[in-house]
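**Q** Predicted model, plus sequence, below.
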Amino acid sequence: MSYQIHIGPNIRKSPYFDATVAEGVRSFSVYNHMFIPGNFGDPEAEYDRLLTGVAMWDVAAQRQVALEGPDAARLAQILTPRKLAGMKVGQGRYVPICDHEGWLINDPVLLKLAEDRFWLSIADSDLVLWAGAIARERGLDVRVSEPDVSPLAIQGPKAVEVAAALFGDWVRELRYFWFRECDLDGIPLVVARSGWSKQGGYELYLRDGRRGSELWDRVKAAGAPFSIGPGAPNDVERLESGLISYGADMRRQTHPVNPFEMGFGAMIDLDGGHEFIGRDALVAMKAAGLARRRVGVVIDGAPVQGNQHPLDLMQGDTVVGYVSEITHSRRLGCNIGVGLAATSVPDGAADLTIRLPEGPRAVTLAPLPFA
Ligand code: THG
């Protein structure tokens, strides 16, 4: 391979960009029109640190969409099928977002900062345009914006010790997806117990983009006794854990999925009496029944490389689904992937393959999560 991706001013930089360059970042991807670090040169050490220690990740590309004003709560509810009644200030929730046809267009974490103030911490699609247009077209009294907020994640079993060293013992009691507004010697933050791994940890939402390097250095210093090191959202761990990656696993424009297929059925409350976008379509989709379901796959043979596109899942000569991302898992000692399979394909199907560049490989279905 001898091409490069041209880097211009159209791709936004994170407040932690300089810090990650100083740490020796070796690759970037693009997420929400921003650079996001990919790795720092030693993927195996970065994985091990996440599983046994603590890692710090620049996830500023998880942009916030702020909803502020008298109709903020109404707009939040209109945007997601998940019923938000009962959500408390200081609480976060995973909220699938569907379009009017019922297809998923994002899967953010919603943070309720006040009765009239919310953040949607979004995956990789332009939700600020969607939410702003919905608000304006419905005449709602709410301001929709992308504020100066940039999350830094600390993930891994020792993240709790780093967070406690920085903020105090209250972080130990913080419940999953809950958060608190605070500051670190004047650096304004929201500290949440969350993050895109199943190894535990926190996300520090920096509220002043001029102070990225300062926050990075503070976290690095507090983490030094626990051998903290730089990393990035980890595809191996996320596949083992069954976390969803919008853009990889599904995307409205290329491989659309509905929330029932994606395993979000328990969050889709069709009888809650609340109004939300996509309701009629979701009622029809639920009545029609599941045509596809989310699956794990175990892939035969030698360790695989990561894939660049979704791979057709074949049963004989018939396409019966797709595998969206594959990797080799050292922990499990096999190749794994996630995807969607037709519900007609039984768990034990013995005649499934995917086509890799070098040829077909046998695969078997496996329940998620793998680990
Ligand atoms: N944290 C924050 N913002 C984010 C992400 C994040 N924005 C982008 C992306 N990740 C949004 N998508 C997800 C996907 C999965 C989870 C969170 C955000 C997640 N899932 C858990 C699971 O599936 O086991 C828990 C789900 C639940 O309990 O409801 O955490 O990571 N700030």
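**A** Ah, there it is. Residues are numbered from 1 along each chain as shown.

**Q** Report how many residues lie close to residue 277.
**A** Residue 277: 21 surrounding residues under other CB atoms under 10 Å. From N, CA and C alone the C-beta is placed, and that goes for glycine too.

**Q** isn't it right up against residue 77?
**A** No: taking contacts as CB atoms under 8 Å, residue 277 lies outside contact range of residue 77: 9.9 Å.

**Q** near the ligand, which residues of the stretch 1-150 of the chain?
**A** 62, 94, 107, 108, 109, 121, 122, 123 (CB under 6 Å from any ligand atom).

**Q** what sits against the second one?
**A** The contact partners of residue 94, taken as CB atoms under 8 Å, 6 or more residues apart in numbering, are 82, 107, 108, 109, 110, 177, 267.

**Q** Is it bridged to anything, and to what?
**A** In this entry, residue 94 is beta-bridged to residue 109, by DSSP bridges.

**Q** Please tell me how far it sits from residue 109.
**A** The gap separating residue 94 from residue 109 is 6 Å, by CB to CB, to the nearest Å.

**Q** Between those two, which contacts overlap?
**A** residue 177.

**Q** how about the strands in the stretch 101-250 of the chain?
**A** 104-106, 109-114, 117-121, 143-145, 150-155, 179-184, 187-192, 201-206, 229-231 (DSSP state E, counting those that start in this stretch).

**Q** Any chance of TSV for the contacts of residue 94, columns neighbour count and pLDDT?
**A** Conversion of the contacts of residue 94 to TSV gives the following (neighbours: other CB atoms under 10 Å; pLDDT from 0 to 100):
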residue	neighbour count	pLDDT
82	23	98
107	22	98
108	25	98
109	23	98
110	24	99
177	16	98
267	17	97
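
**Q** so where's this structure uncertain?
**A** Within the chain, the stretches with pLDDT under 70 are 1.

**Q** cutoff 90 now
**A** Residues of the chain meeting the criterion pLDDT under 90: 1-7, 357-358.

**Q** quick one, helices of it?
**A** Along the chain, the stretches classed as helices by DSSP state H are 17-22, 43-52, 72-79, 127-137, 159-167, 170-173, 212-223, 235-241, 279-288.

**Q** And the ones you listed: which comes nearest residue 350?
**A** Residue 350 lies closest to helix 235-241 among the helices of the chain, at 22.7 Å (CB to CB).

**Q** Next, the contact list for residue 53, please.
**A** Neighbours of residue 53 in contact, by CB under 8 Å, 6+ apart: 156, 157, 158, 226, 227, 228, 229.

**Q** Confirm for me that the first one is in contact with residue 198.
**A** No: using CB under 8 Å, residue 156 is not in contact with residue 198; the gap is 10.7 Å.
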